[in-house]
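Chemist: attaching a predicted model along with its sequence, questions to come.
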Amino acid sequence: DGFNLKSTILDFSTFDKRHTSHEISRILTTKLKELNILHKVIRVTCDGASNMVRAVGDLNLESGRLWCVAHRLHLTVTNASGFWIKKSGDENICIDEAENVTDSTDDHEEEMLDCDSLQPLDRMEINVKSRWNSTFCMIDSFLVLREVIERLLNSKHHLPLKSKAITKLAELKLTSDDWAILSQLHFVLQPFFHATKVMSGRPYPSIGFAFDVLMRLKGVLQDHPPQKNSIVKRLKQLLLTKLLFYFESDNEQLYLLKVSGL
């Protein structure tokens, strides 16, 4: 009581050279010495890249290195769901055409979409490989903008496009089954969205409840209500497998998460 927690960036460094473990360790040591906290650090959080792991190890601190939980949640989602599998050239062309069509609608939306009756909507979110929660946010915006997207695809013949582009755009049209799958993905990924938001909060120390958040996620994935369909169950199984791999296959890391929550 009586304390207001704040998150503060004490220093920031850029690397003009290669991000080798030696260079990272050297910079970290210098900065921690300047702040006079080299041997006062109790935990170091970083991703699992080999250069980062070795850099923290070379500091010889009497503290444990803890993986970034939000980063591992992102890996759990992307790898369990099969996102970011390399696309063929034709598929990339289709995506480029779709992006071009989306960009061109700004000049035609009044005459083509007649969206005056719709509620104000944010722009479409883009899925980014390295951005946490971007997949969920993209799906969420797809579902919110469903009516707009369907009107756009249904009006493709009125857009200033070549016939080849119109054909490719037609191939991208979402069926009712596609929309159902997006809705199911949205349902399954929503707990990960909230967990990541909690773990990346700045006004409070998140390390203390990381283990509890993970156990709650695990419980959600293990829960299979009878009324849920097979797709939801399969998605949960895939996510659970990756969650266990990223968070329970390393006993030392799991132990650090547990004791940090005491």
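Modeler: On my side now, so go ahead.
Chemist: please list the residues outside the biggest helix by length in the chain that contact it.
Modeler: Across the chain, the longest stretch assigned as helix under DSSP state H is helix 176-199. Identification of contacts with helix 176-199 by CB atoms under 8 Å, 6 or more residues apart in numbering yields 69-70, 73-74, 76-77, 81, 132-133, 135-137, 139-140, 142-143, 146, 174, 206, 209-210, 213-214, 216-217, 220, 229, 231-232, 235-236, 239. C-betas here are computed from N, CA, C, even on glycine.
Chemist: following that helix, which helix or strand comes up?
Modeler: Remark: after helix 176-199, the chain's next helix or strand is helix 210-222, criterion DSSP states H and E.
Chemist: what packs against the very next helix or strand once past that next one?
Modeler: Per DSSP H and E, helix 210-222 leads on to helix 230-248 as the next helix or strand towards the C-terminus. Contacting helix 230-248 under the criterion 3 or more CB pairs under 8 Å, 6 or more residues apart in numbering; DSSP states H and E are the following elements: helix 69-81, helix 176-199, helix 210-222, helix 251-260.
Chemist: let me see the mean pLDDT of helix 230-248.
Modeler: In this model, helix 230-248 has an average pLDDT of 94.
Chemist: now it and helix 176-199, what's the angle there?
Modeler: 30 degrees (axes from the mean of the first three to the mean of the last three CA atoms, to 10 degrees).
Chemist: centre of the chain to the longest helix of the chain, how far?
Modeler: Distance of helix 176-199 from the chain centroid (CA atoms, centre = their mean, to the nearest Å) equals 11 Å.
Chemist: again, but for stretch 138-148
Modeler: Centre-to-centre, stretch 138-148 and its host chain are 18 Å apart (CA atoms, centre = their mean).
Chemist: same check, this time on stretch 230-249
Modeler: Centroid separation between stretch 230-249 and its chain, computed with CA atoms, centre = their mean, is 16 Å.
Chemist: same thing with stretch 135-155?
Modeler: 19 Å.
Chemist: which parts of it are buried?
Modeler: Neighbour-count burial for stretch 135-155 flags 135-142, 145, 148-149, 151-152 (criterion: 16 or more other CB atoms under 10 Å).
Chemist: what do you get for stretch 213-226?
Modeler: Burial within stretch 213-226, assessed by neighbour count using 16+ other CB under 10 Å, is assigned to 213-214, 217-218, 220-221.
Chemist: what of stretch 53-70?
Modeler: By neighbour count with 16+ other CB under 10 Å, stretch 53-70 contains the buried residues 55-56, 59, 61, 64-70.
Chemist: now do the end-to-end distance for it.
Modeler: 17 Å (CA to CA, to the nearest Å).
Chemist: starting at the chain centroid, how far to it?
Modeler: Centre-to-centre, stretch 53-70 and its host chain are 23 Å apart (CA atoms, centre = their mean).
Chemist: check what contacts that stretch and list those residues.
Modeler: Here stretch 53-70 makes contact (CB under 8 Å, 6+ apart) with 21-22, 24-25, 28-29, 32, 38-39, 41-48, 132, 196, 199-200, 206-207, 210, 213-214, 252-253, 256-257, 260.
Chemist: same thing but at 7 Å, please
Modeler: By CB atoms under 7 Å, 6 or more residues apart in numbering, the list of residues contacting stretch 53-70 from outside reads 21, 24-25, 28-29, 39, 41-48, 132, 196, 199-200, 207, 210, 253, 256.
Chemist: in a markdown table, list the buried residues of stretch 53-70 along with secondary structure and distance to Phe245.
Modeler: Formatted as a markdown table, the buried residues of stretch 53-70 follow (DSSP: H, G, I helix; E, B strand; the rest coil; distance: CB to CB, whole Å):
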| residue | secondary structure | distance to Phe245 |
| --- | --- | --- |
| Ala55 | helix | 24 |
| Val56 | helix | 22 |
| Leu59 | coil | 28 |
| Leu61 | coil | 27 |
| Gly64 | strand | 21 |
| Arg65 | strand | 19 |
| Leu66 | strand | 17 |
| Trp67 | strand | 13 |
| Cys68 | coil | 16 |
| Val69 | helix | 14 |
| Ala70 | helix | 17 |
